[in-house]
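Asker: Sequence and predicted model, in that order:
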Amino acid sequence: MPKVVFQDLGLIDYKEAWDYQEKRFDEIIDIKKANRRNNSEDPTTSYLLFCEHPHVYTLGKSGDEKNLLVNEDYLKSRGATFYKINRGGDITYHGPGQIVGYPILDLDNFFTDIHKYLRFLEEAVINTLADYGLKGERSDGETGVWFDVGTDKARKICALGVRSSRWVTMHGLAFNVNCDLSYFGNIIPCGIVDKSVTSMQKELGKEVDIEEVKLKLKEYLVHQFEMTLV
């Protein structure tokens with residue numbers, strides 16, 4: 001089973017976490033380039049990072065800035081920041097009470113299939129929700145985890161947005177546990193205009209132990225990817 005370094009970074013500034021991701025990502029890429037150049041097989045180290053962020057909006061490289069519905073002054077008044085970043089997908093929100101997962105994996109040690117990788121992330125969230133009696137689903141043509149797909153009540157509880165190069169991944173998932181959903185009102189989440197956003201707290205009608213959710217999510221990711229955390 002591939003060994004993966006697990007780190008819970010706690011509440012961390014978005015840019016600080018992004019820089020940390022980039023550093024780990026670049027280290028893996030550099031080793032892979034050197035292996036190819038020197039016909040060597042030096043091992044790479046994969047990571048699974050969990051964290052929460054202060055209020056922040058991030059726009060993926062394929063996103064439309066028009067999906068941010070407020071100006072910079074308003075963002076400041078809400079204590080929020082905004083970044084254009086190098087993942088796929090459109091705009092999303094991160095904030096306290098949301099589990100953000102950043103798997104920085106060398107998929108050469110797992111499987112070289114990005115679609116399978118995304119489905120595995122979704123499956124871990126779906127299984128976590130099931131432990132709380134919630135039925136998470138996939139929506140055809142849209143990444144992430146949803147409720148009541150195909151109805152006018154369809155709503156998203158977990159967004160995905162990843163970057164991959166040389167089969168190394170970064171960025172990842174944003175899983176709404178107890179976060180303030182009003183912040184989603186300032187954007188068109190993921191550029192999707194006809195569906196809403198929800199959280200475990202809203203669905204269950206009570207605040208959820210986020211540390212317990214992290215533990216369950218971590219266990220399902222370990223099972224899904226058949227990895228050993230160190």
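Answerer: Everything's here; your move. Numbering: from 1, shown residues only.

Asker: Quick check: beta-bridge partners of the residue most central in space within the chain?
Answerer: When CA atoms, centre = their mean is applied to the chain, the residue found nearest the centroid is residue 173 (1.3 Å). Beta-bridge pairing for residue 173 (DSSP bridges): residue 101, residue 160.

Asker: who touches it in this structure?
Answerer: The neighbourhood of residue 173, defined by CB atoms under 8 Å, 6 or more residues apart in numbering, consists of 99, 100, 101, 121, 125, 158, 159, 160. From N, CA and C alone the C-beta is placed, and that goes for glycine too.

Asker: Rebuild the residues you listed as JSON lines, extending it with pLDDT, neighbour count and distance to residue 132.
Answerer: Shown next, in JSON lines, are those (pLDDT from 0 to 100; neighbours: other CB atoms under 10 Å; distance: CB to CB, whole Å):
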{"residue": "99", "pLDDT": "98", "neighbour count": "26", "distance to residue 132": "13"}
{"residue": "100", "pLDDT": "98", "neighbour count": "22", "distance to residue 132": "19"}
{"residue": "101", "pLDDT": "98", "neighbour count": "22", "distance to residue 132": "17"}
{"residue": "121", "pLDDT": "98", "neighbour count": "27", "distance to residue 132": "18"}
{"residue": "125", "pLDDT": "98", "neighbour count": "24", "distance to residue 132": "11"}
{"residue": "158", "pLDDT": "97", "neighbour count": "29", "distance to residue 132": "13"}
{"residue": "159", "pLDDT": "93", "neighbour count": "25", "distance to residue 132": "19"}
{"residue": "160", "pLDDT": "93", "neighbour count": "26", "distance to residue 132": "20"}
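
Asker: where are the low-confidence patches of the chain?
Answerer: Residue ranges of the chain with pLDDT under 70: 189-195.

Asker: same thing but 90
Answerer: In the predicted model of the chain, residues 1, 58-76, 78, 83-92, 141-142, 184-196 satisfy pLDDT under 90.

Asker: Now for it: which helix has the highest residue count?
Answerer: Looking across the chain with DSSP state H, the single longest helix is helix 14-38.

Asker: Show me what it is packed against.
Answerer: Contact here means 3 or more CB pairs under 8 Å, 6 or more residues apart in numbering; DSSP states H and E; on that basis helix 14-38 packs against strand 46-52, strand 81-84, strand 98-104, strand 168-176.

Asker: Just grab the bridge partners of residue 142 for me.
Answerer: residue 139.

Asker: Oops, could you answer that again for residue 7 instead?
Answerer: Here residue 7, judged by DSSP bridges, has bridge partners residue 49.

Asker: you'd agree it is up against residue 47?
Answerer: Yes. In this structure, residue 7 is within contact of residue 47 by CB atoms under 8 Å, at 6.7 Å.

Asker: These two: which is more packed in?
Answerer: residue 47 (21 against 14; other CB atoms under 10 Å).

Asker: shouldn't the more buried one be in contact with residue 3?
Answerer: No. Contact between residue 47 and residue 3 fails when scored by CB under 8 Å: they sit 10.6 Å apart.
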